[in-house]
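# Model the structure of this input:
(2 chains)
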Amino acid sequence: AQTVTQSQPEMSVQEAETVTLSCTYDTSENNYYLFWYKQPPSRQMILVIRQEAYKQQNATENRFSVNFQKAAKSFSLKISDSQLGDTAMYFCAFMKHDMRFGAGTRLTVKP
Amino acid sequence: GAGVSQSPSNKVTEKGKDVELRCDPISGHTALYWYRQRLGQGLEFLIYFQGNSAPDKSGLPSDRFSAERTGESVSTLTIQRTQQEDSAVYLCASSSSRDAKIYGYTFGSGTRLTVV
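Model (predicted):
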C-alpha cells in the first residue's frame, strides 16, 4: 500500500514571501500521479497542481510549483508571493488506481 | 449536475442511531469515492466504486459501515449504531476513468457528522 507523509502539521509565512510544503511517499510503482489539494475553511477540496511521475519536468501553475524528486520519492509544493487567500490546509496525494492523501499541512499567511 | 452534491451538509445524531449520507456525483463520472476526515486530520479512504465492478471496500473501518451505489449515479454511505468516534466530515468525490489522472477528483463539500 502507498503511504503519503507530510511532516509539517503547521506552517506560517508572511504575505508576499515564499513557502515550501514538504511531502514524501512510499511506493514500489513506477508510473503514478501526484497532486496537491487546497482545503479552505469552506471544506471544498481544490486541485492546486499535479505531476505525472514519468515526466521529469516540474509542474508549474502560476505562483505554485513543485519540486519532484522521483528517486527520493519527494514532492514538495512551493508557493511564491504568498497571498492571504492561500491560508488553508494543503494535502499531498498519490494516485495509482485511486487517490491516497497525507495528513495535511495547515498554512497561515500573515499580513 | 455541475458539481458533486452531498446531503445533508450537517448531521447531529445520538449515539447508537443509524445514519445515511448521500452523494450525487457529476453526471457521467463512472468512479465515486468516499473519504472520512476527522477534525484537523487528513482524508482517510473508505470505499471506491468504479462502474459496474465490485467496489473496493478495503478502507471501511468496521462492519458498521456500508455503502451502495446504483449504477453510475447516487451513492449512500450508511453508518449503523453510530459511535462518538464516527464524528467527522465525510467527503465524497467523483471522476471519470479517463480524466482522473489529468484533473484529479471533484469533491463535494462534505457532510459533517456529529455523534452526541
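# Flag the shaky bits of chain A, pLDDT-wise.
A:1-2 (pLDDT under 70).
# Only the buried residues of stretch B:49-58, if you could.
B:49-50, B:55-56 (16 or more other C-beta atoms under 10 Å in any protein chain shown). C-beta: built from backbone N, CA, C; applies to glycine.
# Now that stretch: average pLDDT?
For stretch B:49-58, the mean pLDDT works out to 90.
# Pull up the distance across that stretch, start to finish.
For stretch B:49-58, the first-to-last residue distance is 12 Å (C-alpha to C-alpha, to the nearest Å).
# From the buried residues of stretch B:49-58, pick out the ones that also neighbour chain A.
B:Asp56 (C-beta under 8 Å from any C-beta of the partner chain).
# Quick one: name the residues of chain B near chain A.
So far as C-beta under 8 Å from any C-beta goes, chain B lies against chain A at B:33, B:35, B:40-43, B:45, B:48, B:56, B:89, B:91, B:93, B:100-105, B:107, B:109-110, B:112.
# does any part of stretch A:81-98 sit near chain B?
Yes: Stretch A:81-98 lies within reach of chain B by C-beta under 8 Å from any C-beta, at A:91, A:93, A:95, A:98.
# next SSE after the host helix or strand of the first one?
Here A:Phe91 is covered by strand A:88-95, with elements defined by DSSP states H and E. Remark: after strand A:88-95, the chain's next helix or strand is strand A:99-101, criterion DSSP H and E.
# what sits against residue 105?
In the absence of a named chain, this looks at chain A. A:Thr105 is in contact with A:6, A:8-11, A:21-22, A:89-90, counting by C-beta atoms under 8 Å, 6 or more residues apart in numbering or on different chains.
# not quite, I wanted chain B
B:Tyr105 touches A:45, A:99, B:33, B:93-95, counting by C-beta under 8 Å, 6+ apart.
# Ramachandran coordinates for it?
Dihedral angles of B:Tyr105 (phi, psi; degrees, to the nearest 10) stand at phi -100, psi 150.
# can you list the residues of chain A near chain B?
Residues of chain A lying near chain B (C-beta under 8 Å from any C-beta): A:6, A:33, A:35, A:37, A:42-45, A:47, A:50, A:52, A:91, A:93, A:95, A:98-104, A:106.
# Are any of these buried, and if so which?
Buried among those (16+ other C-beta under 10 Å): A:6, A:33, A:35, A:37, A:43-45, A:47, A:50, A:91, A:93, A:95, A:98-104.
# quick one: furthest residue from the center of chain B?
Distance from the centre of chain B peaks at B:Ile102, with 21.8 Å (C-alpha atoms, centre = their mean).
# host element of it?
Using DSSP H and E, B:Ile102 falls in helix B:100-103.
# Which elements pack onto that helix?
With contacts defined as 3 or more C-beta pairs under 8 Å, 6 or more residues apart in numbering or on different chains; DSSP states H and E, the packing partners of helix B:100-103 are strand A:46-52.
# Against which helices or strands is the next helix or strand after the strand it packs on packed?
Counting by DSSP H and E, the next helix or strand C-terminal to strand A:46-52 is strand A:60-61. Packing partners of strand A:60-61 (3+ C-beta pairs under 8 Å, 6+ apart): strand A:46-52.
# relative to strand A:88-95, how tilted is the strand it packs on?
Angle of strand A:46-52 versus strand A:88-95, following axes from the mean of the first three to the mean of the last three C-alpha atoms, to 10 degrees, is 30 degrees.
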